[in-house]
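Trainee: any chance you can model this:
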Amino acid sequence: MDDEKYKIPLFDGTNYSNWKFRMQVLLEKHDLIDYINTPLDVFVRALPAGSADPQAIVMRKKVRKCKSFIIQRIADSHLKYVKEKVTAYEMWQALSESFERKGVASQLRLRKMLLTMRYATTETMVSHFLKFDKLVRELKLTGANLVETDIVCHLLLTMPEEYNMVVTALETLSSEQLTLGFVKTRLFNEKAKRGANVSTKDTNSSTVFSAATKNRKSNVNKREGEVNGKNRARFNFKCHYCGIIEHKRSECRKLKLENKDSESAKAALDDSVDNRKEFVFITKSEEITDSSTCWF
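Mentor: Model prediction:
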């Protein structure tokens, strides 16, 4: 018993459905599951007349054992829900009424969450299925009657437009073939296929980019070498303009700079002489006798 109690986390008001499932399995293992589903008085009244007292004592011992299992798995902050209850059945009913949230309001909230739920391509398909299954379980706990076809339809509605072809193919299947497990398998395979295609595309793009970058780098280095004079033979004569060795008159920087300054000065002189300006005129026709045009 000490080993088993640590397998179930203390109930602190969250994930009641998971905690309830674990407790049901534990109580079923110890043949105590009936004492949370049926009041003790019903068991006592069903006993034979001659053996009522001994069997009633045994049942009360089992009820106390069942109560002990439940209390040991509830956190101190939530013991107030079961402190005043006498039997395990009363404890179980108090927890169910407080945390299962049965009713129309809870059903509407969960159904709205299912209808607005969408699969994001950035997350894994497994995590999406887990969140979807959790909503379906909570909806069933509220008392909603969901058949497998309804669940499959809700799951297909969560898929984005990229999966329209798969959804259309699944719609053509009969209700017997369209099981929840089959639909999940098809969607999971489609996700894996899309992931493989994206990975291959990215690899090819990276290879092309790498090759293009390498070729471009070699061409740039070649041009830089030509500009720096690495691939050019040394000129051992004087320039006919400045008298410096290592370049010709046509390559003389001093000559080019002076020519540039001369052209700038000439352009400035021409502009001052011509004094040219541009104007934009707007015309407007008016209905007058001589059909003249007014300029503004």
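Trainee: show me how the chain divides into domains.
Mentor: What automatic domain parsing lists as the domains of the chain is 2-99, 104-194.
Trainee: pull the helix or strand with minimum mean pLDDT from this protein.
Mentor: helix 2-5 (a mean of 52; mean pLDDT, DSSP states H and E).
Trainee: next SSE after it?
Mentor: Going down the chain from helix 2-5, the next helix or strand is helix 16-29, by DSSP states H and E.
Trainee: TSV please, covering the domains of the chain and showing mean neighbour count and distance to Asn259.
Mentor: C-beta here means a position set from N, CA and C on the backbone, and glycine is covered the same way. As requested, those are arranged in TSV below (neighbours: other C-beta atoms under 10 Å; distance: least, C-beta to C-beta, whole Å):
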stretch	mean neighbour count	distance to Asn259
domain 2-99	14	84
domain 104-194	14	62
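Trainee: can you put these in TSV and add distance to Leu257?
Mentor: Putting these into TSV (distance: least, C-beta to C-beta, whole Å) gives the following:
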stretch	distance to Leu257
domain 2-99	81
domain 104-194	59
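Trainee: among those domains, which gets the worst mean confidence?
Mentor: Looking over the domains of the chain, mean pLDDT reaches its minimum on domain 2-99, with a mean of 82.
Trainee: out of the domains of the chain, nearest to Lys254?
Mentor: domain 104-194 (63.2 Å; C-beta to C-beta).
Trainee: okay, how far is it across that closest one, tip to tip?
Mentor: Distance across domain 104-194, first residue to last, is 40 Å (C-alpha to C-alpha, to the nearest Å).
Trainee: and stretch 117-130, by the same measure?
Mentor: 13 Å.
Trainee: what do you get for stretch 77-91?
Mentor: 15 Å.
Trainee: can you list contacts of it?
Mentor: 11-13, 32, 35-40, 63, 66-67, 70-71, 74, 94-95, 98 (C-beta atoms under 8 Å, 6 or more residues apart in numbering).
Trainee: one more: stretch 177-189?
Mentor: 125-126, 129, 148-149, 151-152, 155-156, 159, 163, 166, 170.
Trainee: just put those in CSV and tack on distance to Ser17 and secondary structure.
Mentor: Shown next, in CSV, are the contacts of stretch 177-189 (distance: C-beta to C-beta, whole Å; DSSP: H, G, I helix; E, B strand; the rest coil):
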residue, distance to Ser17, secondary structure
Met125, 23, helix
Val126, 20, helix
Phe129, 17, helix
Glu148, 19, helix
Thr149, 23, helix
Ile151, 16, helix
Val152, 21, helix
Leu155, 19, helix
Leu156, 24, helix
Met159, 25, coil
Tyr163, 29, helix
Val166, 30, helix
Leu170, 28, helix
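Trainee: and the residues you listed, which two are the farthest apart?
Mentor: Val126 and Thr149 (23.1 Å).
Trainee: JSON lines for the contacts of stretch 177-189, including distance to Ser250?
Mentor: Shown next, in JSON lines, are the contacts of stretch 177-189 (distance: C-beta to C-beta, whole Å):
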{"residue": "Met125", "distance to Ser250": "70"}
{"residue": "Val126", "distance to Ser250": "73"}
{"residue": "Phe129", "distance to Ser250": "76"}
{"residue": "Glu148", "distance to Ser250": "88"}
{"residue": "Thr149", "distance to Ser250": "87"}
{"residue": "Ile151", "distance to Ser250": "85"}
{"residue": "Val152", "distance to Ser250": "82"}
{"residue": "Leu155", "distance to Ser250": "78"}
{"residue": "Leu156", "distance to Ser250": "77"}
{"residue": "Met159", "distance to Ser250": "71"}
{"residue": "Tyr163", "distance to Ser250": "69"}
{"residue": "Val166", "distance to Ser250": "71"}
{"residue": "Leu170", "distance to Ser250": "77"}
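Trainee: nearest to Val58 among those?
Mentor: Closest to Val58, out of all of the contacts of stretch 177-189 and judged by C-beta to C-beta, is Glu148, at 41.8 Å.
Trainee: that closest one and Lys134, how far apart?
Mentor: 17 Å (C-beta to C-beta, to the nearest Å).
Trainee: again with Glu84
Mentor: In terms of C-beta to C-beta, Glu84 sits 32 Å off from Lys134.
Trainee: go on, Leu187?
Mentor: From Leu187 to Lys134 the distance is 17 Å (C-beta to C-beta).
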